[in-house]
Each structure stands twice: as C-alpha cells, then as structure tokens.
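Novice: This is a predicted model, with the sequence first.
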Amino acid sequence: MKHFYLRGFVLLAFIAFYINPSYSQCLCSGGIPATADDQTITIPPTKTSTLNFNFLQFNPAIGNLSCVTMQDTITGNSVTGAINTGPDSTAFLFQLTLTNKVSGPGITIINVYNAVHGYDTLAPNGDPTDTITYGPENIITNPDGIGMTGGNAAYLGLGTVNFAYSVNGGMITLDGGSNYRSAVTTVIGGIVHLTYYWCPTTPLGSTITNFSAFKNNGLISLQWLATNDQSGITYEVQYSADAETWASAATIPAGSAPAGTVGQYQYQYRMSANETGAIYFRIKRVDPEGNITYSIVKVINLEQADQRPGIQIYPNPVGNNVIVQFDEQQTGTINLELISTTGQIIQKKVVQMAGNSLANMELISHPAKGIYFLRAQDISNNRQFLTKVIVN
C-alpha cells in the first residue's frame, strides 16, 4: 500500500488592523465615547484543535463596564489525505468542512470553511495510486472576526475570564461510496484581542486628555496632554494594584508653560521584581486653590508580553487640525497620511522629528464628515502606526 504523506508548510501568524465603525456606538451618558482598555494574546502556530486562554476581568472599581468586544485575527491552513479502501478503482467527489470557533461569555465568532475536491479516481486499495493529498489550503478566508456583548457580569471582578478556540469537522464523500479513509491536519495561529469599554462612575477632569500607557523592556511609559489654564498646577502619577488603594509614583509640575496652552507630559515607571498581575495608573491634577481632578484609569497586565507603542489623535473628532501623539519619542522622517475607509489617500504630510512625540497635520482641504484612518509611517525605522479618525 502506498502511504500518503502530508506535505509540510509554514503558517505565518499576523496582526491585521480592523475597525468596525458600529462599535463607536459604545457610548457613555451624554454621547461621550467610552474609554477602551485592550488586552491581546498571541496564539503561536499549533496543530492543537482546542485551545483555552484567559483574559483579566474588568475591575468594577475603575468604572462602569459599558460593553466588551472580542476581535480575532486567526489564520489557518489544512492538508487532507484520502485513501481508497475498496477493491475497485473509484472516482470520488469529496467535501471538506471545517468550523473554526472562538467563544466566551456572550460572544461567539464562527468561521466555516467548505471546499469540494474531485472528481478524482483512486486505484484499488493496495495499489500505489490509491491515495491523494489536497492542500495546503487556507481554511480561514476572512481572518478578521469580531463579536460584542454588553456589560456582561462574567467580565467583572479581579480574576480572569475564559475564552476557547476550537476547530472541528472533516471530509466526507459526495460521490464514490464510503470505502475510504481520510486524515486532516490543520495548523492555526494568530491574535485574539479583548477590549473593555467603560464609563467613569464620577465625572473626570476634562483638562487631562490622551492618557496612554504601554509596557516595554521593564518600563511602563505614561504620556498625557493637559491644559495649563493657570500657573502652579501639579500632576501626580498614581499607581495601584487593585484600583482602590493608590500610591504616588512621582509629582510633575506644570512648569513655565503659558496659561491656556496644552502641554505634553511623560513619565516612565520602572517595574519592580515583586510586581505581578495587573497594575493601574491615573493622573491626579491639583491646582493652586487645591481643586483636584483625575484622568481616566489605565491598566497594564504585567504577565503579558511587551506591548507595541501606538499613536493617539487629539482632538478626536477633529476639526481643521490633527495633533498626533506617539506613545514614545520619535526621531527621523515620519509620513502622515489621512486615508478614507476605501483606502484612498486624502492628504499627506512629511514631518521631521527629533526626540519628540507630537506631530501636527492641518487639514488643508477639509474632507467630508465621517470615519477615516491616520497612518504614520516611520521611514527611518521601517515602522507603521494606524488609528481611526472621526472628522467633523
């Protein structure tokens, strides 16, 4: 008998940037967009057909959970072998059906793959030509799946919430009888991305905006923009292990920034060896009269891999001018491009940056109202950033 050999192949897992505009409807009272907190888990290429992975729950002490979205960017390839087990030469028509599913509380994302192979004539069992191999074939033709649920109680707490991935199915004959055996080998990999959208339980100060936090090389980089409406303002960086008891990491004065201007502030928090799990950050603003306001809260999962720095847009929605804030300082040539949802480049600008993290792009010919993307290409270091822009 001829043995069938499943040909080897390489699966490249990748991250795809995908935004469904309908999720901008997750709003707080007064039509204010909810704050997003993201977690990402990478699935390395694997032949395992069932996987379980855990995300941190949302701490209700931070605020009110408005909604939850799960986005998966999973790719997969499959190789299928079939052998004629009958005594006669037979023309087979096969159908391969594989169902990929990501599921968690209130969220299910399903991707079904169907393919028909044949007619292919296989020799009688024992003959060297009694087998055939199909593939490798891409079994996930739409790798960007997304699901959403409301403020599900399963996501609240200080523990974890479980999601599962599974691939099921196989190959059957549509014609040629049942005297056959088949074997399917599937390799999958990619990214699963959970986002909590939450609203503050109490009104927050509007003078602190674009607060970001990301972890890299043992440091947590914090950045924010703040309106210096008077002299003598101080900003205190606070951290917490439970989002209830806060400690001070540093106090940063507004300095000599002119009143009424927007200043950019940065701080790097160095993680200690005994810190594990989640760590929360916020900015406390104190003016000379003793009035106190706070920023939104950002959470960093210390157990996850280092995060890729990104960009934020200020303000968003934008009017005639876009301020681009990078999560880390940039040096070199940056191409800024405003892109429509159909991929058309609406406007370009080249900026030179020298150890700073803010760039400006004026909308010369004001585009129509709607959703766009802002792409920042770091020419010097061959990197790219992408974020959504809403034009008023």
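Specialist: That came through, no problem.

Novice: going forward, measure contacts and count neighbours with C-alpha atoms only.
Specialist: OK.

Novice: domain ranges for this structure?
Specialist: Annotated domains of the chain cover 21-199, 202-306, 309-392 [automatic domain parsing].

Novice: Any chance of TSV for those domains, columns mean neighbour count and mean pLDDT?
Specialist: Shown next, in TSV, are those (neighbours: other CA atoms under 10 Å; pLDDT from 0 to 100):
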stretch	mean neighbour count	mean pLDDT
domain 21-199	17	86
domain 202-306	16	80
domain 309-392	16	82
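
Novice: For the stretch 51-200 of the chain, just list every one of the strands.
Specialist: For the stretch 51-200 of the chain, strands defined by DSSP state E, counting those that start in this stretch occupy the ranges 64-84, 90-104, 107-122, 131-138, 144-150, 160-175, 180-199.

Novice: send the alpha carbons of stretch 284-300 over as CSV?
Specialist: As requested, the backbone C-alpha atoms of stretch 284-300 are provided in CSV (Å, rounded to 0.1, in the frame of the first residue of the first chain):
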residue,chain,number,x,y,z
LYS,A,284,-4.1,63.4,39.7
ARG,A,285,-4.2,67.2,38.9
VAL,A,286,-4.1,69.7,41.7
ASP,A,287,-4.4,73.5,41.0
PRO,A,288,-3.2,76.2,43.4
GLU,A,289,-6.6,76.5,45.0
GLY,A,290,-6.5,72.8,46.0
ASN,A,291,-9.1,71.7,43.4
ILE,A,292,-8.4,68.0,42.4
THR,A,293,-9.4,66.2,39.2
TYR,A,294,-8.3,62.8,37.9
SER,A,295,-7.6,61.3,34.5
ILE,A,296,-9.1,58.1,33.3
VAL,A,297,-7.5,54.9,34.7
LYS,A,298,-5.2,52.8,32.5
VAL,A,299,-4.4,49.1,33.3
ILE,A,300,-1.3,47.2,32.3
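
Novice: and P44, which of the strands of the stretch 51-200 of the chain is closest to it?
Specialist: Among the strands of the stretch 51-200 of the chain, strand 180-199 comes nearest to P44, with 5.1 Å by CA to CA.

Novice: so how far is the closest one from its chain's centroid?
Specialist: With CA atoms, centre = their mean, to the nearest Å as the basis, strand 180-199 stands 14 Å off its chain's centre.

Novice: And for V299, nearest residue in space, chain neighbours not counted?
Specialist: Distances taken as CA to CA, 6 or more residues apart in numbering place Y280 nearest to V299, at 4.4 Å, with adjacent residues excluded.

Novice: Can you tell me the element the one you found falls in?
Specialist: Here Y280 is covered by strand 278-286, with elements defined by DSSP states H and E.

Novice: what residues does that strand touch?
Specialist: Contacts with strand 278-286, where a contact means CA atoms under 8 Å, 6 or more residues apart in numbering, come from 233-243, 292-303.

Novice: And stretch 170-186, by the same measure?
Specialist: For stretch 170-186, the surrounding residues in contact (CA under 8 Å, 6+ apart) are 6, 47, 49, 76-86, 90-98.

Novice: residues touching N356, list them.
Specialist: N356 neighbours (CA under 8 Å, 6+ apart): Q329, Q330, T331.

Novice: Next, give phi and psi for it.
Specialist: Note on N356: its backbone torsions stand at phi -120, psi 170 [degrees, to the nearest 10].

Novice: Quickly list what it is bridged to.
Specialist: N356 has these beta-bridge partners by DSSP bridges: Q330.

Novice: Please apply the same query to the one 4 residues further on.
Specialist: Beta-bridge pairing of N360, defined through DSSP bridges, involves I323.

Novice: Repeat that for G263.
Specialist: In this entry, G263 is beta-bridged to A226, by DSSP bridges.

Novice: Would you check that it makes contact with Y235?
Specialist: No - applying CA atoms under 8 Å, one finds G263 not in contact with Y235, separated by 11.5 Å.

Novice: Give the residues shared as contacts by those two.
Specialist: Common contacts of G263 and Y235 (CA under 8 Å, 6+ apart): A254.

Novice: Nearest to W224, out of the strands of the stretch 51-200 of the chain?
Specialist: strand 180-199 (18.8 Å).

Novice: Settle this for me: G106 is touching T149, isn't it.
Specialist: Yes - using CA under 8 Å, G106 makes contact with T149 at a distance of 5.7 Å.

Novice: Would you mind listing the outside residues contacting stretch 365-380?
Specialist: Stretch 365-380 is contacted from outside by 21, 320, 331-341, 346, 383-392, using CA under 8 Å, 6+ apart.

Novice: In strands only, show me those residues.
Specialist: 331-340, 346, 383-391 (DSSP state E).

Novice: want to try CSV for the contacts of N356, with distance to K284 as columns?
Specialist: Below are these laid out as CSV (distance: CA to CA, whole Å):
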residue, distance to K284
Q329, 23
Q330, 27
T331, 30
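
Novice: Quick check, central residue of the chain?
Specialist: Nearest to the geometric centre of the chain sits H193, at 4.5 Å (CA atoms, centre = their mean).

Novice: so what's the nearest residue to that one once chain neighbours are set aside up against?
Specialist: Distances taken as CA to CA, 6+ apart place T40 nearest to H193, at 4.5 Å, with adjacent residues excluded. T40 is in contact with I191, V192, H193, L194, Q304, counting by CA under 8 Å, 6+ apart.
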